[in-house]
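*Asks:* here's a sequence, model it:
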Amino acid sequence: MALFTVGGLYEIMQAVVPHFDRYPLKAKKLKDYLLWRRVAIKLTQKYMQALTEEDDRELEQLCSDLCQGRKYMEALHANPGT
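*Replies:* Below you'll find the predicted structure:
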């Protein structure tokens, strides 16, 4: 088993994002990754320069979409067969 620790946004953008761009996930995990990747990019932009209000709204929506997917999966696992 291997363990990889990431210490911040810089390491996410330098190591994690390139890895999963090179070796894509499959099915729903890919969709989740692509949303997560957009959030990571927006956060990087936020720290590099000021985001517009539209960028902030998009970031909030992306985070909401990620949370909704997580809630759906938690409900599915809590009630299998429903």
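*Asks:* nearest spatial neighbour of Phe20, skipping sequence neighbours?
*Replies:* Tyr33 (5.6 Å; Cβ to Cβ, 6 or more residues apart in numbering). Any C-beta I mention is one placed from the backbone N, CA and C, and that applies to glycine too.
*Asks:* swap that for Glu58, please
*Replies:* Spatial nearest neighbour of Glu58, chain neighbours left out: Lys42 (6.8 Å); criterion: Cβ to Cβ, 6+ apart.
*Asks:* measure that neighbour to Asp55 for me?
*Replies:* Lys42 sits 6 Å away from Asp55, going by Cβ to Cβ, to the nearest Å.
*Asks:* hmm, back to that, in the helix or strand where the residue nearest to Glu58 lies, what counts as buried?
*Replies:* Per DSSP states H and E: Lys42 is located in helix 27-48. Judged by neighbour count (16 or more other Cβ atoms under 10 Å), helix 27-48 contains these buried residues: Asp32, Tyr33, Leu35, Trp36, Arg37, Arg38, Val39, Ala40, Lys42, Leu43.
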